[in-house]
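In: 3D, please:
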Amino acid sequence: MVRKITKAVIPAAGLGTRFLPATKALPKEMLPVVDKPAVQYVVEEAVKAGLSHVLMITGRNKNALENHFDRAVELENLLLEKGDKARFGIVAEATGLADIHYVRQGDPLGLGHAISKAETFVGDEPFAVLLGDDLIEENSYLLAEMILLAESKSVNVIALMEVPQGDVSKYGIATPGNRNEEVIQIKGFVEKPSPEEAPSNFAVIGRYVLQPQVFNVLRNLKPGLGGEIQLTDALNEMAQNSEIAGPVVGYIFDGRRFDTGDRLSYLKTIVEMATEREDLGADFSGWLKRFSQGLPE
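Out: Below is the predicted model of the structure:
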């Protein structure tokens, strides 16, 4: 029987040190990308893929996340009194996106540790994991295709993207096996290898669909790189022994991914997404061209 996947886990407990001082009191997931916080794009992607229950793994000073997806009654009433139905709709939209729950990670011991905190929420069901640093282009069906594959084959599905050889040390890298169009068998993973030691240039990006047995692996995993419980290490163990939690396959994504994990990439993301907006794109692109040429407005 096909097990329908309806749950998403979004780790959001990072300290955001690359964006200090902005993230001293504001979660990095709440940094705006044009006019929406990054995490809202991620929740919208999950909902579009059919995931109606979302768990956010949070940490200290993350109340802004809960407030954003909660009702803002005073603000909503004020907008209605002004007759500003457009902005009322924008504010109310985040509230009704999904059934959202929250749990604290506690000690910041790595991505694998954060995901382990979702075990009670997930139970014995397959589930998706979406990282907030990676935004996927709006018209992509990446996550939906990954879910369909996981449901039909009872496998763990990892999103992969080919990256330049010089960038492999920034990612978890897959050791590939046989390939059938977008789907590739995975023999193992290496966390942030040097270009000389990398088994491929297939990098893990922040979308996963996992079988619930992953929690058993995480529970018994020893700390890895940086003294943290690394999800990559758990996936490596699963890939090398499919009896543990089912086979691990990669789904190769050739669309656009926006990286908001560091300041330069974050700024590039804002510029690229702003230039494509119907309401901003033409004016912003024109200004940007003049600015880059040193021309006056």
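In: For the rest of this, base every contact and every neighbour count on C-alpha atoms.
Out: OK.
In: nearest residue to residue 99 other than its sequence neighbours?
Out: Nearest residue to residue 99 in three dimensions, chain neighbours excluded: residue 53, at 4.9 Å (C-alpha to C-alpha, 6 or more residues apart in numbering).
In: Could you verify my assumption that that neighbour touches residue 97?
Out: No: shown here, residue 53 and residue 97 do not form a contact pair, counting by C-alpha atoms under 8 Å, at 9.7 Å.
In: Just list the residues touching the residue nearest to residue 99, thanks.
Out: Neighbouring residues of residue 53 by C-alpha atoms under 8 Å, 6 or more residues apart in numbering: 6-8, 98-101.
In: Repeat that for residue 269.
Out: Contacts for residue 269 (C-alpha under 8 Å, 6+ apart) come out as 33, 258-260.
In: Check residue 19 too.
Out: The contact partners of residue 19, by C-alpha under 8 Å, 6+ apart, come to 28, 262-263.
In: May I ask which of those has the most neighbours?
Out: Counting neighbours by other C-alpha atoms under 10 Å, residue 28 comes out on top of the contacts of residue 19 with 28 neighbours.
In: Give me the spatial nearest neighbour of that one, chain neighbours excluded.
Out: Per C-alpha to C-alpha, 6+ apart, closest to residue 28 is residue 16, 5.3 Å.
In: Tell me, how many residues neighbour that neighbour?
Out: If you count neighbours by other C-alpha under 10 Å, residue 16 ends up with 18.
In: center of the protein - which residue?
Out: In the chain, the residue lying closest to the centroid (C-alpha atoms, centre = their mean) is residue 131, at 2.2 Å.
In: Just the strands from the protein, written as ranges.
Out: In the chain, the strands defined using DSSP state E lie at 7-12, 32-33, 36-37, 53-58, 99-104, 127-130, 134-136, 156-162, 172-180, 183-191, 202-210, 248-252, 257-259.
In: Please compute how far the third one lies from its chain's middle.
Out: When you say that, I think you mean strand 36-37. Offset of strand 36-37 from its chain centre (C-alpha atoms, centre = their mean, to the nearest Å): 14 Å.
In: got the contact list for it?
Out: Residues from elsewhere that reach strand 36-37, judged by C-alpha under 8 Å, 6+ apart: 29-31.
In: Take those residues and write them to JSON lines, including neighbour count and pLDDT.
Out: Below are these laid out as JSON lines (neighbours: other C-alpha atoms under 10 Å; pLDDT from 0 to 100):
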{"residue": "29", "neighbour count": "27", "pLDDT": "90"}
{"residue": "30", "neighbour count": "19", "pLDDT": "90"}
{"residue": "31", "neighbour count": "18", "pLDDT": "92"}
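In: Can I get those in CSV including distance to residue 141?
Out: What follows is the contacts of strand 36-37, written out as CSV (distance: C-alpha to C-alpha, whole Å):
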residue, distance to residue 141
29, 22
30, 24
31, 25
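In: So, low pLDDT: which residues of the stretch 1-150 of the chain?
Out: In the predicted model, the stretch 1-150 of the chain carries pLDDT under 70 at residues 1-2.
In: show me the contacts for residue 225.
Out: residue 191.
In: Tell me how far it lies from residue 272.
Out: 33 Å (C-alpha to C-alpha, to the nearest Å).
In: One more: residue 180?
Out: Going from residue 180 to residue 272 by C-alpha to C-alpha gives 32 Å.
In: With neighbour numbers in mind, choose between these two.
Out: Set residue 180 next to residue 272 and count neighbours by other C-alpha under 10 Å: residue 272 wins out with 15 against 9.
In: Read off the pLDDT value for the more buried one.
Out: At residue 272, the model reports a pLDDT of 94.
In: any idea how far it lies from residue 48?
Out: 22 Å.
In: swap in residue 133?
Out: Distance of residue 133 to residue 48, given as C-alpha to C-alpha: 18 Å.
In: and the two? which has more neighbours close in?
Out: residue 133 (22 against 16).
In: thought that one was touching residue 263?
Out: No: between residue 133 and residue 263 there is no contact under C-alpha under 8 Å: 11.4 Å.
In: Now list whatever residues contact both of these two.
Out: Counting by C-alpha under 8 Å, 6+ apart, no residue touches both residue 133 and residue 263.
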